[in-house]
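K.L.:
please find the sequence and the predicted model below.
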Amino acid sequence: MSEQWSSPNLLPKKILFVDGITRSGKSMVAPVVSSYKKTYTFQHQAIVDNLMPLIKKGSISHNAAKSIITFYFNQNLYNLNISRQINLRPDDNSSVLNDKDYQLFKKNLKKKEGDYVISEIKKRNYLPIYLTHDLLAMINDFEKLKFPYQIIYTYRHPIDNIFSLIKRYEKVKANNKLKYNYNNPRIYGMMIKKNNILMPYFAAGKEKYFLSLNHAEKYVFYYLDSLKNAISNYKNFSKKKKIFFLRYDDFATDTNKELKKISKFFNLKISNFTKKSLRLNKLPRKIDIHYREEKKKILQKMLKKEYYNELIKISKKYENKSLF
């Protein structure tokens, strides 16, 4: 009989995950959502992102994974409420310097720790907000953990998303003189090792094919893998009311309209800080359609024909609002 791993639980009635493919707009959305009343400052995390592939592959049991994640949430909420391990880097989008409760964080630096903090957390009942990657692509496995959650799933125009991935992670590509290897400690995603080469977990079972792709095609491989799994998992997901879909273009260009939808869906109210958050995140903003067309031409030269054609096909669905 397998052990029934468990843990104490400090979780509130609901957790909000801002989820999506890497570079899909989560960091644009999360700061604004965490400006709402009765929400914690949004936070990056790696624990959910890295345990989910292990669960999916059967490398860890559901109850063991749930215990580890719960321990993380417990510690994180406790530390937030005594201003321990908070982000004070001014240029980080998750810095508490840009949060509505910054003065409270300053005040709590002098707060004594103790069990009384737990009672305060439960009474306060604020909404924790965490950024996740590709959670919807594994949502049916995550549902088995029975956390009280809801999700904002952000998705971006495929051309913009792929182009942003390539531009953002240009420094980690292998050049023609070096063997591809994900051997960089600043990459916090779950990996596999094949023939002494580190690769992202989503390449498992297709390692040889993945290594045959060029730099840009590797990002398309990831993008298509995550998006297709997200679509198929959502299609078979029985609790669709937990998921709120948010197109990047809609939120960027018609921000106030989308904020009203978010308020209604999650029963949240904007605060006096929300307008400032919009300014800090340069919202609303214009989408450069002409630049998108230039990106298409660049990607067409970088990608094999079948990859490029598939991106164009998905792009049309995005533009017609029919991806999900």
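P.N.:
Done, it's in.

K.L.:
could you use CA atoms for every contact and neighbour count after this?
P.N.:
Will do.

K.L.:
list the buried residues in whichever strand or helix holds Lys297.
P.N.:
If you go by DSSP states H and E, Lys297 is part of helix 289-302. Buried positions in helix 289-302, judged by neighbour count with 16 or more other Cα atoms under 10 Å: 296, 299-300.

K.L.:
same question, stretch 244-261
P.N.:
244, 246-249, 251-252, 255-256, 258-259.

K.L.:
which of these fall in helices?
P.N.:
Members of the buried residues of stretch 244-261 lying in helices (criterion: DSSP state H): 248-249, 251-252, 255-256, 258-259.

K.L.:
just the closest of these to Asn320, please.
P.N.:
Of all those, Asp249 has the smallest distance to Asn320: 12.1 Å, by Cα to Cα.

K.L.:
the closest one is in contact with Thr154, isn't it?
P.N.:
No: using Cα atoms under 8 Å, Asp249 makes no contact with Thr154, being 10.1 Å away.

K.L.:
tell me which other helices or strands the helix or strand Ser27 falls within touches.
P.N.:
Assigned by DSSP H and E, Ser27 belongs to helix 26-33. In terms of contacts (3 or more Cα pairs under 8 Å, 6 or more residues apart in numbering; DSSP states H and E), helix 26-33 is packed against strand 15-20, strand 129-131, helix 274-280.

K.L.:
of those, which is nearest Tyr180?
P.N.:
When these are ranked by proximity to Tyr180 (Cα to Cα), strand 15-20 comes first, at 25.7 Å.

K.L.:
and the residue lying closest to Phe265 once chain neighbours are set aside, how far is that from Ile139?
P.N.:
Once flanking residues are discounted, Phe265 sits nearest to Phe244: 7.6 Å by Cα to Cα, 6 or more residues apart in numbering. Taking Cα to Cα, to the nearest Å as the measure, Phe244 falls 13 Å from Ile139.

K.L.:
re earlier: return the most buried member of the helices and strands packed on helix 26-33.
P.N.:
Scoring the helices and strands packed on helix 26-33 by mean neighbour count under mean count of other Cα atoms under 10 Å gives strand 15-20 as the most buried, with a mean of 24.

K.L.:
show me what it is packed against.
P.N.:
With 3+ Cα pairs under 8 Å, 6+ apart as the test, strand 15-20 has helix 26-33, strand 129-131, strand 149-155 packed against it.
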